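Asker: Give me coordinates for this.
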Amino acid sequence: MAGEIFVFDTTLRDGTQGEGISLSADDKIKIARKLDTLGVHYIEGGNPGSNNKDIEFFKRAKELRLNAKITAFGSTRRKNITAEQDGNLQRIAESGVPAATLVGKAWDFHVHTALQTTLDENLSMIYDSFAFLKRHAMEAIYDAEHFFDGFKHNPEYALAALRKAHEAGADWLVLCDTNGGTLPNEIRDIVARVSSELDAPIGIHTHNDCELAVANTLAAVQAGATQVQGTINGYGERCGNANLCSIIPNLQLKLGYRCIADEQMRQLTSAARYVSEIANAHMPVGQPFVGSAAFAHKGGIHVSAVMKDSKTYEHIAPELVGNKQRVLVSELAGQSNIISKAQEMGLDVNANNEHTKSIIDKIKDLEHQGYQFEGADASLELLLREAFGETKEIFRLESFKMLVEKSAGQMVSEAIVKINVDGQTVYTAAEGNGPVNALDNALRKALVQFYPDIMDVVLSDYKVRVIDEKDATAAKVRVMIESTDFNNTWSTVGVSDNIIEASWEALVDSIRYALLGSEKQESGQAMRAQLGLVNH
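Answerer: Numbers count the residues shown, from 1 in each chain. Below you'll find the predicted structure:
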């Protein structure tokens, strides 16, 4: 084992500076609990006095019983005043948290241009601020802002800034690549130089402007850093912060460092997806380690090899990070894809099974019509189970009508749905923000008396793609719907030259899949725990 690495998460602070990321105080509390379960050592909550949300978070954080240290954020004192006169520092001291991070300038250019003060005054600001924190018995972390740019421009001054913080009692000296423009070889050389000149714990904080934040973090650790700062899913300003979902497994599984417990590592994927749900930010399917496509296989040759030994096309066992292997089925699929997918579901499919070729032909025909199953595993599972007689009819549509009206400048959609459940006709109507939302509401209203759990299902994403643009408004469309019950996430597909019909098809598949658990219990507890399905 190469040694222990301390994980510092700043999703709640630096992550919220990313475009489109906004967290309420409730959101922050939920994410903090999840991060603590994951085993991070520090959770940076924000600035205790900067806005009402952060004020509320720090107030409520006092009641949390976490193993991680909730950490406040601020900057060194303002120029030409004492630390005691600085309201920001006072609020940090009064926040009640055990640790604080202060950002301070380490680049002489920023001292002159941004702070518009002298180099000596900036060093005094650093020293006074950290001495203040230590007088209040707080663990003190110095984020040396723009350290690498500063070091390349004036190494003596950048090192002087670190020394002042260290002299004042700072417990951590964190080197920040704030503009994200430094290369891994530069990071390695500079961190090694700092480690050789200062007898102090070193941290690393990188940004992803050159797509190098993770690589730079790994280089810094190998050069002597023992704290890594980053965010879940790499959220952050501009191109984002270093992604802890890649840093942690790379350090622990590839380089032999110890970041979190093995059982916590197996929660990494669920934590990443939980945070993305709370932040209402769609996760890229190809995100390493935790993305739904991280261990997905599409080519028939690949799938055939993976079925023999997963190491043929997987760099780690996906279960180590809580992910699962997925086999994608598309027009490129061969028998191996279908067999692997069906076997995941506990279905008796093999190369000699009479159903296999007909299923492959049907899937290819549907894809020719515009369906796409590689991103709609729930629809695929329903298709396969139907072929093997493993599903029952949950309900039968008798009719639906859509009314769309614009009145007094407002668009109003109403859906009227008539279905049959076990011989009983149910007729309901509901309004919605749009036609699909109205249909969703009406269908749920009709089904809830038979299946109460249906109200736990949320439609989390809706996409429409025109299949053949040359047909203009008469073109076929493909609708993809993503749904979640906050434990699982699944995707369904519908295709039609009528967008409402395509949406209805995808919506019905979503509801049917949500209710599949009861069907599986009736058919012998088939497999929900084994599904490697559509966790987007």
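
Asker: Check the secondary structure at the residue nearest to Thr16 when sequence neighbours are not counted for me.
Answerer: Among residues not flanking Thr16 along the chain, Leu23 sits closest, at 5.5 Å (Cβ to Cβ, 6 or more residues apart in numbering). Yep, even glycine has a C-beta here, placed from its N, CA and C like the rest. Put simply, Leu23 is coil when judged by DSSP: H, G, I helix; E, B strand; the rest coil.

Asker: OK, contacts around Leu23?
Answerer: Counting by Cβ atoms under 8 Å, 6 or more residues apart in numbering, Leu23 makes contact with Leu12, Thr16, Ile31, Lys53, Ile278, Ala279.

Asker: if I read this right, the last one contacts Ser24, doesn't it?
Answerer: No: using Cβ atoms under 8 Å, Ala279 is not in contact with Ser24; the gap is 10.6 Å.

Asker: And Ala61, its phi and psi?
Answerer: With angles defined as degrees, to the nearest 10, Ala61 sits at phi -60, psi -20.

Asker: Spatially nearest residue to it, not counting backbone neighbours?
Answerer: Ile70 is the one closest to Ala61 (Cβ to Cβ, 6+ apart), at 4.9 Å.

Asker: any idea which element the one you found lies in?
Answerer: Using DSSP states H and E, Ile70 falls within strand 69-75.

Asker: residue boundaries of the helices in the stretch 101-250 of the chain?
Answerer: Remark: helices assigned in the stretch 101-250 of the chain by DSSP state H, counting those that start in this stretch are 108-110, 119-135, 147-153, 155-167, 184-197, 213-222, 244-249.

Asker: Can you give the contact residues for the first one?
Answerer: In other words, helix 108-110. Contacts for helix 108-110 (Cβ under 8 Å, 6+ apart): Leu119, Glu145, His146, Asp149, Gly150, His153, Asn154, Tyr157.

Asker: picking that back up, could you dump the helices of the stretch 101-250 of the chain to JSON lines with mean pLDDT, distance to Ile260 and mean neighbour count?
Answerer: Below are the helices of the stretch 101-250 of the chain laid out as JSON lines (pLDDT from 0 to 100; distance: least, Cβ to Cβ, whole Å; neighbours: other Cβ atoms under 10 Å):
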{"stretch": "helix 108-110", "mean pLDDT": "97", "distance to Ile260": "34", "mean neighbour count": "17"}
{"stretch": "helix 119-135", "mean pLDDT": "98", "distance to Ile260": "27", "mean neighbour count": "21"}
{"stretch": "helix 147-153", "mean pLDDT": "98", "distance to Ile260": "26", "mean neighbour count": "22"}
{"stretch": "helix 155-167", "mean pLDDT": "98", "distance to Ile260": "28", "mean neighbour count": "20"}
{"stretch": "helix 184-197", "mean pLDDT": "98", "distance to Ile260": "22", "mean neighbour count": "18"}
{"stretch": "helix 213-222", "mean pLDDT": "98", "distance to Ile260": "15", "mean neighbour count": "25"}
{"stretch": "helix 244-249", "mean pLDDT": "98", "distance to Ile260": "6", "mean neighbour count": "25"}
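
Asker: now these in CSV, with distance to Val290?
Answerer: CSV is the format used below for the helices of the stretch 101-250 of the chain (distance: least, Cβ to Cβ, whole Å):
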stretch, distance to Val290
helix 108-110, 35
helix 119-135, 35
helix 147-153, 28
helix 155-167, 34
helix 184-197, 23
helix 213-222, 13
helix 244-249, 5
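
Asker: Val495: which of those helices is closest?
Answerer: For the helices of the stretch 101-250 of the chain, proximity to Val495 was assessed by Cβ to Cβ; helix 244-249 is nearest, at 33.7 Å.

Asker: and the closest one, how far out from the chain's middle?
Answerer: Remark: helix 244-249 is offset 12 Å from the chain centroid, using Cα atoms, centre = their mean, to the nearest Å.

Asker: Quickly run through the sheet partners of the following helix or strand past that helix, with directions.
Answerer: Counting by DSSP H and E, the next helix or strand C-terminal to helix 244-249 is strand 257-258. Paired strands of strand 257-258, with direction, are strand 3-4 (parallel) (DSSP bridges).
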